[in-house]
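[1] predicted model, plus sequence, below.
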Amino acid sequence: MSPNTRPRHLTKSRFKLALECPTKLFYTGKEDQYPDRKRDNEFLQALAEGGFQVGELAKLMFPGGIEITSRSHDEQAAQTQRLLQREDVTLFEAAIRHGQLFVRVDVLRKTGSRIELIEVKAKSFDSTSARPFRGARGGIDGGMKPYLQDVAFQRHVLGLAYPHLQCSSFLMLADKSKTCSVDGLNQRFKIGRMGGRPVVTVLPGTDAQSIGAPVLSCVNVDELVDEILREPIEAPGATGALSELAATWAEQYRTDTRIAPAIGAHCAKCEFRVDPPQAGMRSGLHECWRDAAGLTEADFAQGTVLDLWNFRGKQPLIEQRVLRLAEVPLDALGDQGGADGLSRGARQAMQVTGQWPGRPEFYLDAPLMRREMDRWVYPLHFIDFETARVAIPFFAGQRPYANIAFQFSHHVVDADGRVEHRTQFLSTTPGRKPNYDFVRALRAALGATGTVFMWSPHESSTLNAILDELGQDPAPPPDAAALGSFIRSLTTRKAGSGDVETGNRALVDLCRLAERAFFHPATKGRNSIKKVLPAVMQSSEHLKRKYSRPIYGAMSGIQSLNFVDQVWWQEVGGAVVDPYRLLPPVFTDLPREVVDALEVDDDLEIAQGGAATTAYARLQFEDIAPQERRSIEAALLRYCELDTLAMVMVYEAWKEWLR
Ligand code: SF4
């Protein structure tokens, strides 16, 4: 079917999109004109978390269910209608259509004139919580609202198409209060690929018994759905009953009519943004802001209020039509002082004015940095972890989204400045739980002395999660006490009394230090290591001199466990190439930009390390080809090594600038 003859129905995903912003309906699905930055991200995030597998697991909980497999919307709706004539039936992916509204329902159970509509999601919740979908003030929890609005839309369409049936609605979610009772549950749902889309193959012999005690729970959400259907719904530029908005949006989508943009803070996360401009591609965001407020390409090049880092006051400024970065009044930024280094407001002011004390190229609070460095003890240890959290557990005894620490990298810098990639750990053996081995290996690697660094608190929270696991383990390992005291020495955690316990060698967060003492305009105020590294490389003479030679992994150069004669400082067109771009991708069967987006795109709130989680999940399948296994493992090792090397390089540049 050609794109022009494809039915233009308002589906679940398009309704969800319109709730974010109705104008997006015009841009969606026109990839050749308006690239969509979220499309592949959402796909890979579902892959990483196990969203596709959860759907298959849910089906096993309804034996005898019939899948609607017809090809076209018309055939799917007709097949569903035929099957719903039965007195009792369970359908998977039932197709319900009314006019231009069309939904596929994950699980639909009919008994006489009663019908149960069940939406299955990999999202986690806790069924022991008294009101799991309500916030502290009693309203619908903001994080759950899109899921519940999705169910409400389905119920609305079902009610229109089958008014004689009495419908109850449910959400089926990964329940963090449930413990998996069988080993290898995740591996029973093998993800493959067909035509670029995921295909889940269920291991033969998998049935309602072999999946053990359910880790998915089904919750009746009628009360919440009624509330959504009763109360007006708000979307940018639109307010009204769900039924009215759905009818309007369906008609606008059918006729491909662009709904006038209501620009606002929500535009910061707009997926239809092409920046910088690229030949042959249109940027939905640029067109909206041009039409609504007259912004030009030159304005975008100079920066807009959308680019302002960690700024919660975008909406009022946009409503006052303060749109260009340079127009933002400094008194809108909040406190710009700060006894403990740069405050958020002070960083934002640097971004707005392009001015700061000291060097013209970047800001460095040398006294603060020196004070911090004076406390550090050599050898310096730089560590980075890769972990996986997926909806369906790999091991018995785990809950959904349990922490799996399967990889670390470890660089050491001695007092004389010598750099070494000294240790690494990677455990992907199918069926082998890596957490305790991971801590043992880390303990051996770090030895007894030296300050240990992380970039962001992920390493600390991972270790604390393993400490909790040790405490709850009904059969702890013989060295549990030693592992526990090692973790305590490295972490900061809340004690039972509510006090904060800090280990005698607690991890130092270099990201937090960068926030307090360093601002480089090329980072646009952001502080992820993948943003800070290229900016620092651009400005550091030391890094240029040292890493523009093939010394990394060379015989008499810097010891590396995964690289040989690597040149990290490379220049194209006067700009340093981002070192991460020099690595081959983890997955050769996925487009480069898709994997990159998983790793680096913090605009779109994509789970960091999603590619590593996906890689771990793939490596848990026994029958993965040895060549593919080796290639994924080698890529993981290189990426993780670069993560700790990046920290070393930032440290070296800061040292250089303090001289
Ligand atoms: S730029 Fe803003 S108004 Fe335009 S589609 Fe995106 S979110 Fe909507």
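    Nice, I can see it.

[2] how close does H98 get to G159?
    Distance of H98 to G159, given as C-beta to C-beta, to the nearest Å: 9 Å. The C-beta positions use only the backbone N, C-alpha and C, and glycine is treated the same way.

[3] more crowded one of those two?
    Neighbour count, other C-beta atoms under 10 Å: between H98 and G159, H98 has more, with 19 against 16.

[4] check contacts around the more buried one.
    Each residue near H98 by C-beta atoms under 8 Å, 6 or more residues apart in numbering is listed here: 157, 160-161.

[5] could you single out the nearest of the residues you listed to V274?
    V157 (33.6 Å; C-beta to C-beta).

[6] average pLDDT across whichever helix or strand the closest one is part of?
    For V157, the host element (DSSP states H and E) is helix 145-161. For helix 145-161, the per-residue pLDDT values average out at 97.

[7] buried sites along whichever helix or strand comes after that helix?
    As assigned by DSSP H and E, the chain's next helix or strand after helix 145-161 is strand 166-175. The neighbour-count check on strand 166-175 (16 or more other C-beta atoms under 10 Å) flags 167, 169-175 as buried.

[8] which one of those residues is nearest R375?
    Among the buried residues of strand 166-175, A174 lies closest to R375 (C-beta to C-beta), at 42.2 Å.

[9] per-residue pLDDT, the closest one?
    Looking at A174, the pLDDT reads 96.

[10] not counting its neighbours along the chain, what's nearest it?
    P400 (3.7 Å; C-beta to C-beta, 6 or more residues apart in numbering).

[11] for that neighbour, which three-state class applies?
    coil (DSSP: H, G, I helix; E, B strand; the rest coil).

[12] next up, the contacts around it.
    For P400, the contact set (C-beta under 8 Å, 6+ apart) comprises 124, 174-176, 178, 180, 215, 390-393.

[13] are any of the contacts of H98 buried, and which?
    Counted by 16+ other C-beta under 10 Å, the contacts of H98 give 157, 161 as buried.

[14] which residues of the stretch 1-150 of the chain lie near the ligand?
    21, 23-24 (C-beta under 6 Å from any ligand atom).

[15] tally up the residues packed near L19, please.
    The burial count for L19: 22, using other C-beta under 10 Å.

[16] cool, and G574?
    The burial count for G574: 6, using other C-beta under 10 Å.

[17] quick one, grab the pLDDT at it.
    So G574 comes in at 87 (pLDDT).

[18] how near is it to the ligand?
    Going from G574 to the ligand by C-beta to the nearest ligand atom, to the nearest Å gives 31 Å.

[19] do the same with A554
    A554 is 49 Å from the ligand, by C-beta to the nearest ligand atom.

[20] and if you look at A213?
    As for A213, its distance to the ligand is 43 Å (criterion: C-beta to the nearest ligand atom).

[21] show me what contacts that residue?
    178-181.

[22] next SSE downstream of the least confident helix or strand in the chain by mean pLDDT?
    The weakest-scoring helix or strand in the chain, judged by mean pLDDT, DSSP states H and E, is helix 592-600 (a mean of 44). Next in sequence after helix 592-600, counting helices and strands by DSSP H and E, comes helix 610-619.

[23] distance of the residue in the chain sticking out farthest from the centre relative to R155?
    Taking C-alpha atoms, centre = their mean as the measure, the residue most remote from the mean C-alpha position of the chain is E87, 43.0 Å away. E87 sits 22 Å away from R155, going by C-beta to C-beta.

[24] next one, pLDDT for the closest residue to E49 other than its chain neighbours please.
    Excluding its sequence neighbours, the residue lying closest to E49 (C-beta to C-beta, 6+ apart) is A122, at 4.9 Å. Per-residue confidence (pLDDT) for A122: 93.

[25] quick one: contacts for A122?
    A122 makes contacts with 46, 49-51, 54, 173-174, 391, as judged by C-beta under 8 Å, 6+ apart.

[26] so of those, which ones are in helices?
    Among those, DSSP state H puts 46, 49, 51, 54 in helices.
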